[in-house]
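> what follows is a predicted protein model with its sequence.
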Amino acid sequence: MAVAGISSLALTLQTRGRERALAAAATLLVGTSFLVTRFGNVPINGQIKVWATTSAPADYAEILHRWDLFNRMRTSTALIAFILLVITAVAPLRGRRESGPASP
């Protein structure tokens with residue numbers, strides 16, 4: 001996740017205009033995915049590890065539902081960030097192709 005955050009931030013700093021906005025949005029989404037993982041899923045994973053040696057609490061279904069919501073959120077933010085980065089990376093190539101070959 002650190003590489004995704006650093007590389008999307010680097011792309012934000014290297015681009016201009018629409019591509020910069022897309023890369024910045026991707027950077028924010030990667031950061032959101034990290035925060036949801038760190039403060040949402042990881043603590044619940046710790047609880048679940050305890051269940052392996054003891055027993056699940058009475059409200060285990062609610063805890064698993066909350067974990068699933070966090071997982072869907074972090075997966076969605078990561079996927080959208082990836083799509084934005086692909087669009088950002090492909091946009092300059094598309095622009096060159098549409099403008100045709102350079103004149104000598």
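Structure's in. What do you need?
> please make it C-alpha for all contacts and neighbour counts, starting now.
Fine.
> and stretch 7-15, average pLDDT?
Mean pLDDT, stretch 7-15: 94.
> could you list the low-confidence segments of this protein?
94-104 (pLDDT under 70).
> for the residue minimising distance to the centre of it, what are its contacts?
Nearest residue to the geometric centre of the chain (CA atoms, centre = their mean): Ala78, 2.4 Å. Residues near Ala78 by CA atoms under 8 Å, 6 or more residues apart in numbering: Leu29, Val30, Ser33.
> and the first one, how many neighbours does it have?
With neighbours defined by other CA atoms under 10 Å, the count for Leu29 comes to 23.
> just checking, what packs against the helix or strand encompassing it?
Using DSSP states H and E, Leu29 maps to helix 17-36. Applying 3 or more CA pairs under 8 Å, 6 or more residues apart in numbering; DSSP states H and E, one finds that helix 17-36 contacts helix 2-14, helix 60-99.
> make TSV out of those and add distance to Ala24.
TSV is the format used below for the helices and strands packed on helix 17-36 (distance: least, CA to CA, whole Å):
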stretch	distance to Ala24
helix 2-14	5
helix 60-99	9
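> related to what we said a few turns ago, from Ala52, how far out is the residue nearest to the centre of the chain?
Look at Ala78 and Ala52: by CA to CA, to the nearest Å, they are 29 Å apart.
> please report how far Thr75 lies from Val50.
Look at Thr75 and Val50: by CA to CA, they are 25 Å apart.
> between these two, tell me which one has more neighbours.
Neighbour totals were compared for Thr75 and Val50, and Thr75 leads with 15 against 12 (other CA under 10 Å).
> wait, what's in contact with that one?
Thr75 is in contact with Ser33, counting by CA under 8 Å, 6+ apart.
> distance check, it against Ala91.
Per CA to CA, Thr75 is found 24 Å from Ala91.
> ok so, going back, Thr37: which of the helices and strands packed on helix 17-36 is closest?
Smallest distance to Thr37 across those (CA to CA): 6.6 Å, for helix 60-99.
> next, the angle from that closest one to helix 2-14.
Orientation of helix 60-99 against helix 2-14 (axes from the mean of the first three to the mean of the last three CA atoms, to 10 degrees) gives an angle of 40 degrees.
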